[in-house]
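Student: this one's sequence-less:
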DNA sequence: GCCTTGTGCAACTATTTGGTTGCGCATCTG
DNA sequence: CAGATGCGCAACCAAATAGTTGCACAAGGC
């Protein structure tokens, strides 16, 4: 019923559905490739917690990781974000109708 | 640091981050205002489970509910979806840079 | 007035999630 | 080589989630 499977899509949204991870994504986008350790510096939560969040993001394929010598660099893969946006745009076609229904809900039969 | 608070936004994504709820949203968008009971008919899961999911969607303000006589009608509020899409579009400004970094990650210093 | 239909509430269970601590191993650096 | 730095388990814990069942109550239809 969809090109990108609904489960995958839900996975992407779920990955974004946590303030910590949302912040990680924006930080990664802003700063480029970073290590888990540098991401956790000055943060209230542990490096391990950050690593777990990064693993969730990697599992949703929103983030790519690459080992480089001693450290592992994480970076956002924008293509997945694009897919999520494409979905929202796609169902946007129904929005006009939906808006009309919101109105008739308030008036109502 | 953002117009729509990051917590609210994460809430919207979290609400969409479940296959059942994602399906509910698309069904509601396609069919218009529906009751929890009609949404649960022919479904593998209980009406009560559906109601709980709908409450999550209402809490995220993705869905509006309105009592009408005996039944309660649920409908998608497209404005919240629009906000989520706006966020993804907003950070899209960083995507070119991010793409460049993906490349340099693979090549690497 | 009675039966049906749709909702609402509560209690309970199992699994997932977000987080911690502790430790061992690998890899640079002096 | 020795120490520092960064990463990767694994065990464990508390709270949130997704789901169930059971029942009571309100609103319509006949």
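Tutor: Arrived safely, thanks for sending. Everything numeric in this text was worked out from a predicted model, so none of it was measured. Numbers count the residues shown, from 1 in each chain, chains lettered A, B, ... in the order given.

Student: hey, where'd the helices end up in chain A?
Tutor: In chain order, chain A shows helices spanning A:6-16, A:19-31, A:36-40, A:47-59, A:78-91, A:95-107, with DSSP state H as the criterion.

Student: can I assume residue A:33 is in contact with residue A:72?
Tutor: No: Residue A:33 lies out of contact with residue A:72 (C-beta atoms under 8 Å); the separation is 9.7 Å. (Each C-beta comes from the backbone N, C-alpha and C, glycine too.)

Student: So which of these two has more stuff around it?
Tutor: When residue A:33 and residue A:72 are compared for neighbours, residue A:33 comes out ahead with 22 against 16, by other C-beta atoms under 10 Å in any protein chain shown.

Student: Need the pLDDT of that one.
Tutor: Turning to residue A:33, the model gives it a pLDDT of 93.

Student: measure it to residue B:89 for me?
Tutor: Note on residue A:33: its distance to residue B:89, by C-beta to C-beta, to the nearest Å, is 23 Å.

Student: nearest spatial neighbour of the residue positioned nearest the centre of chain A, skipping sequence neighbours?
Tutor: Residue closest to the average C-alpha location in chain A (C-alpha atoms, centre = their mean): residue A:16, at 3.5 Å. Across the structure, with C-beta to C-beta, 6 or more residues apart in numbering or on different chains as the measure, the residue nearest residue A:16 apart from its sequence neighbours is residue B:13 (4.0 Å).

Student: Kindly report the same for residue A:43.
Tutor: Across the structure, with C-beta to C-beta, 6+ apart as the measure, the residue nearest residue A:43 apart from its sequence neighbours is residue A:50 (7.1 Å).

Student: ok, now which ones touch that neighbour?
Tutor: In this structure, residue A:50 makes contact with A:24, A:36, A:39-40, A:43, judged by C-beta atoms under 8 Å, 6 or more residues apart in numbering or on different chains.

Student: Residue A:83: which of those residues is nearest?
Tutor: Comparing these against residue A:83 with C-beta to C-beta picks out residue A:24 as the nearest, at 18.7 Å.

Student: Let me see the contact set for the residue nearest to residue A:16.
Tutor: Applying C-beta under 8 Å, 6+ apart to residue B:13 gives the contacts A:13-14, A:16-17, A:22, B:84.

Student: Kindly report the same for residue A:62.
Tutor: Contact analysis of residue A:62 by C-beta under 8 Å, 6+ apart lists A:12, A:15-16, A:25, A:76-77, A:80-81.
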